[in-house]
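Novice: Any chance you can model this:
(one chain, ligands or ions: 1)
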Amino acid sequence: MQIQKSFKQDLACLYLVATPIGNLGDMTPRCIEVLKSVDLIAAEDTRHTKKLCHVFEIETPLTSYHEHNKESKGDYIIELLSEGKNIALVSDAGLPCISDPGYEVVAAAIEAGYAVIPVPGANAALSALIASGLVPQPFLFYGFLNRVKSKKKKELEDLKYQPFTTIYYESPHRIKETLQAMLEVLGNRRLVIARELTKQYEEFVRGTIEEVLEMVDELRGEMVVIVEGSTEKKEDTLWWENLDVIEHVEHYVEEGYSTNESIKRVAKERKIPKNEVYRAYHVN
Ligand code: SAM
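Specialist: The predicted structure is shown next:
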């Protein structure tokens with residue numbers, strides 16, 4: 001067990017500082033004060049954060065902390081904390097750790113006994129949720145679905161019967177395919193797309209998945225997708241039920257199994273002869 005008294009300890013702190021998701025007016029006075037006061041800012045993209053610092057006259061040195069250097073930079077951050085230096089972690093937008101880098105260094109700092117202090121502010125998921133008009137709690141934050149179609153469908157299958165309003169992040173390039181997969185797996189539920197939040201062209205598109213699919217090609221920019229929870233109870237369903245034989249085999253191939261092994265697994269799961277799967281996969 002560990003108890004952190006955030007403001008009653010002498011050790012160095014790791015601050016997790018929110019930054020705007022599009023509107024600089026969402027930079028809070030406390031966020032600015034903390035970024036000015038720390039010894040170093042670890043940023044997802046230092047060029048991006050440099051611009052933000054310039055606007056708010058923050059002169060603290062920056063270092064990068066991102067997906068590809070998180071191990072070595074995490075060690076470096078812990079070393080600085082051990083020297084009594086206070087560090088702030090920021091991502092490009094919103095809250096660090098929420099579909100953004102941060103979790104590993106947070107866990108390491110806690111493990112090493114330092115205080116990890118949130119400095120809240122803008123966040124796309126919760127901003128979208130509260131204005132969606134869908135039941136706001138209980139909710140499930142999912143973040144990005146897998147980009148690979150068969151894996152995306154499998155993830156949706158796993159979510160199909162959970163009754164909570166669910167929040168997804170999605171890119172405009174993949175939104176159409178994602179809505180099609182949602183329609184196929186979840187059925188025609190109510191859905192809200194919150195686009196360009198806090199920016200000049202902020203927009204909420206509220207409707208059923210089918211209705212939104214009809215105009216999805218017009219949707220650009222950053223978006224949050226909120227889907228109502230299931231009203232159905234889970235029967236004994238199989239995760240691959242909505243995949244055809246080829247997608248089912250592809251799922252295992254993408255997982256790293258050989259084609260033969262994948263075919264064998266699919267045949268076993270579907271209780272059909274191996275040569276039938278083989279033919280479907282190789283002939284088509
Ligand atoms: N850490 C961020 C947060 O707290 O919201 C999220 C970062 S994640 C890498 C980026 C995704 O968040 C985008 O692809 C989009 O789905 C969502 N997002 C970020 N800013 C947004 C905005 N202004 N409007 C709508 N969605 C946004």
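Novice: Please tell me how far Gly121 sits from Gly221.
Specialist: Going from Gly121 to Gly221 by Cβ to Cβ, to the nearest Å gives 20 Å. From N, CA and C alone the C-beta is placed, and that goes for glycine too.
Novice: Between these two, which has more neighbouring residues?
Specialist: Taking other Cβ atoms under 10 Å, Gly121 and Gly221 do not tie; Gly121 has more neighbours (17 against 14).
Novice: Other residues contacting the helix or strand containing Ala194?
Specialist: Assignment of secondary structure by DSSP states H and E places Ala194 within strand 190-195. Applying Cβ atoms under 8 Å, 6 or more residues apart in numbering, the contact partners of strand 190-195 are 124, 127-128, 131-134, 175, 179, 182, 201-209, 212, 219-228.
Novice: Let's test this: mean pLDDT of it, rounded?
Specialist: Regarding strand 190-195, the rounded mean pLDDT is 98.
Novice: Tell me which helix or strand comes right after that strand.
Specialist: Counting by DSSP H and E, the next helix or strand C-terminal to strand 190-195 is strand 203-208.
Novice: Name every strand pairing with that next one and say which way it goes.
Specialist: As defined by DSSP bridges, the strand partners of strand 203-208 come to strand 190-195 (antiparallel).
Novice: now could you export just the CA positions of the strand it pairs with as PDB?
Specialist: In PDB, the C-alpha atoms belonging to strand 190-195 read as follows (Å, rounded to 0.1, in the frame of the first residue of the first chain):
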ATOM      1  CA  ARG A 190     -27.500   6.000 -31.300                       C
ATOM      2  CA  LEU A 191     -24.200   7.700 -31.800                       C
ATOM      3  CA  VAL A 192     -22.700  11.200 -31.500                       C
ATOM      4  CA  ILE A 193     -19.600  12.500 -33.300                       C
ATOM      5  CA  ALA A 194     -18.100  15.500 -31.600                       C
ATOM      6  CA  ARG A 195     -15.800  17.200 -34.000                       C
END
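Novice: For it, what is the distance to the chain centroid?
Specialist: 16 Å (Cα atoms, centre = their mean, to the nearest Å).
Novice: Over to stretch 150-168?
Specialist: Per Cα atoms, centre = their mean, the centroid offset for stretch 150-168 relative to its chain is 14 Å.
Novice: try stretch 31-45
Specialist: Its chain's C-alpha centre and that of stretch 31-45 lie 23 Å apart, by Cα atoms, centre = their mean.
Novice: So it, near the ligand or not?
Specialist: No - Stretch 31-45 stays clear of the ligand (Cβ under 6 Å from any ligand atom), getting no nearer than 8.6 Å.
Novice: If you count neighbours, what's buried in that stretch?
Specialist: Buried positions in stretch 31-45, judged by neighbour count with 16 or more other Cβ atoms under 10 Å: 31-32, 34-35, 38, 40-44.
Novice: Stretch 78-89 too?
Specialist: 78, 80-81, 86-89.
Novice: need these in CSV with secondary structure, can you?
Specialist: Output for the buried residues of stretch 78-89, formatted as CSV (DSSP: H, G, I helix; E, B strand; the rest coil):
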residue, secondary structure
Ile78, helix
Leu80, helix
Leu81, helix
Asn86, coil
Ile87, strand
Ala88, strand
Leu89, strand
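Novice: And those, which is closest to Leu16?
Specialist: Leu89 (5.4 Å; Cβ to Cβ).
Novice: returning to what we had before: intersect the contacts of strand 190-195 with the contacts of the ligand.
Specialist: 124, 222-224.
Novice: Out of these, list just those in strands.
Specialist: 223-224 (DSSP state E).
Novice: Highest neighbour count among the ones next to the ligand among the contacts of strand 190-195?
Specialist: Neighbour tally across these (other Cβ under 10 Å): the maximum, 24 neighbours, falls on Val224.
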